[in-house]
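# the following block contains a protein sequence and its predicted model.
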Amino acid sequence: MEPPPLLRPGEPAVVEVVNGVSPATIFLTCDHASNRLPERLGNLGLARQNIDSHIGWDIGAAAVARGLARPLSAPLVMAAYSRLVIDCNRPPASPDSIPLSSAGIPVPGNSDLNDDMRQLRRATFFAPYHNAIASLLDHRAGTHQPTALLAIHSFTPDYPGQERPWHVDFAYNRDRQLAGLLLDAMAKQSDLTIGDNLPYGVDDESDFTIPIHGERRGLPSVLIEIRQDLLSTPAGIKSWVDRLTELLTESRQSIERLALAATRRKD
């Protein structure tokens, strides 16, 4: 017997899109924007404080992404349910796609799932999110619109056993061009400790958005991670929105050149 639908009538949509079709070169995603859980899954056996913590979502990332989308007029696609249900930045075959534990905390509601239950989560949450990204990028490619993909994330400052002095990380995999451009530009802000693939890089085993929507399409792309304690207040969020807006505005022509060169290579 097939499992029942995971979403009840009236629950929020699984994807949020801001600015949809836009002439802006920068295209934003936020894979871990929400800690919302579907009503049918209850709390997955977790305490509310765990769901609200970094294991449930990237704290502050959605607010930063929204804050950037406004002044840049950039398209933004956000996943509207928690990474604890299914992680939208993990390949479906990854053992962390539907985590049995996170940061050492067991997730009881994710144990003993059969293949049908796993497939239902992919079909309900993962596929619509990535289909929304792909659809917008397909439209842009069809009109030969230059595109640079920026995935907005945040990271915890106190991961067990690791000191994390970096304020922000520019992460990449095969193509460092966009990350290198932004690293060089942000190095002028001497009050920051900036990570170059630290504390996270991007790879095919642990990441999905940049490898699939960025690299596979030949788009300049970068994953931007901000330390979560810097996003714990509205003032902190505004500060990082302002920093990144200034960075991306000042780097606009260089970003557009990279994106235009990528478009011409595909043409």
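Perfect, thanks for sending it. This one's a predicted model, so the numbers in the text were calculated from it and none came from an experiment.

# any idea how far residue 83 is from residue 154?
Separation of residue 154 from residue 83 (C-beta to C-beta, to the nearest Å): 12 Å. In this view, the C-beta of every residue, glycine as well, is placed from N, C-alpha and C.

# residues shared between the contacts of these two?
Common neighbours of residue 154 and residue 83, using C-beta atoms under 8 Å, 6 or more residues apart in numbering, are residue 58.

# where does the residue nearest to residue 39 when sequence neighbours are not counted fall, phi/psi-wise?
Ranked by C-beta to C-beta, 6 or more residues apart in numbering and with sequence neighbours excluded, the top spatial neighbour of residue 39 is residue 8, at 5.5 Å. When quoted as degrees, to the nearest 10, the phi and psi of residue 8 stand at phi -90, psi 160.

# just give the number of residues close to the closest residue to residue 200 other than its chain neighbours.
Excluding its sequence neighbours, the residue lying closest to residue 200 (C-beta to C-beta, 6+ apart) is residue 171, at 5.2 Å. Neighbours of residue 171 under the rule other C-beta atoms under 10 Å: 23.

# now do the strands in this protein.
15-18, 26-30, 76-79, 101-102, 105-106, 148-155, 168-171, 194-196, 221-227 (DSSP state E).

# same list, those strands, but as JSON lines with mean pLDDT and distance to residue 113 please.
Listed next are these as JSON lines, based on pLDDT from 0 to 100; distance: least, C-beta to C-beta, whole Å:
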{"stretch": "strand 15-18", "mean pLDDT": "98", "distance to residue 113": "22"}
{"stretch": "strand 26-30", "mean pLDDT": "98", "distance to residue 113": "26"}
{"stretch": "strand 76-79", "mean pLDDT": "98", "distance to residue 113": "19"}
{"stretch": "strand 101-102", "mean pLDDT": "93", "distance to residue 113": "14"}
{"stretch": "strand 105-106", "mean pLDDT": "95", "distance to residue 113": "14"}
{"stretch": "strand 148-155", "mean pLDDT": "98", "distance to residue 113": "26"}
{"stretch": "strand 168-171", "mean pLDDT": "98", "distance to residue 113": "29"}
{"stretch": "strand 194-196", "mean pLDDT": "97", "distance to residue 113": "34"}
{"stretch": "strand 221-227", "mean pLDDT": "98", "distance to residue 113": "28"}
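
# okay if I get those strands as JSON lines plus distance to residue 260?
As requested, those are arranged in JSON lines below (distance: least, C-beta to C-beta, whole Å):
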{"stretch": "strand 15-18", "distance to residue 260": "24"}
{"stretch": "strand 26-30", "distance to residue 260": "13"}
{"stretch": "strand 76-79", "distance to residue 260": "22"}
{"stretch": "strand 101-102", "distance to residue 260": "40"}
{"stretch": "strand 105-106", "distance to residue 260": "45"}
{"stretch": "strand 148-155", "distance to residue 260": "10"}
{"stretch": "strand 168-171", "distance to residue 260": "21"}
{"stretch": "strand 194-196", "distance to residue 260": "25"}
{"stretch": "strand 221-227", "distance to residue 260": "15"}
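
# find me the pLDDT at the spatially closest residue to residue 19 that is not a sequence neighbour, would you?
Leaving aside its chain neighbours, residue 19 sits nearest to residue 75 (4.7 Å; criterion: C-beta to C-beta, 6+ apart). At residue 75, the predicted lDDT confidence score is 98.

# next up, the contacts around the nearest residue to residue 96 once chain neighbours are set aside.
Closest residue to residue 96 apart from its sequence neighbours, by C-beta to C-beta, 6+ apart: residue 90 at 5.1 Å. By C-beta under 8 Å, 6+ apart, the contact list for residue 90 reads 96, 97, 206, 207, 208.

# filter the residues you listed down to the buried ones, PyMOL style.
In PyMOL, this line selects whichever of the contacts of residue 90 come out buried by 16 or more other C-beta atoms under 10 Å:
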select buried, resi 97+207+208
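
# ok, of the contacts of residue 90, which one's closest to residue 244?
Residue 244 lies nearest to residue 207 out of the contacts of residue 90, by C-beta to C-beta, at 20.4 Å.
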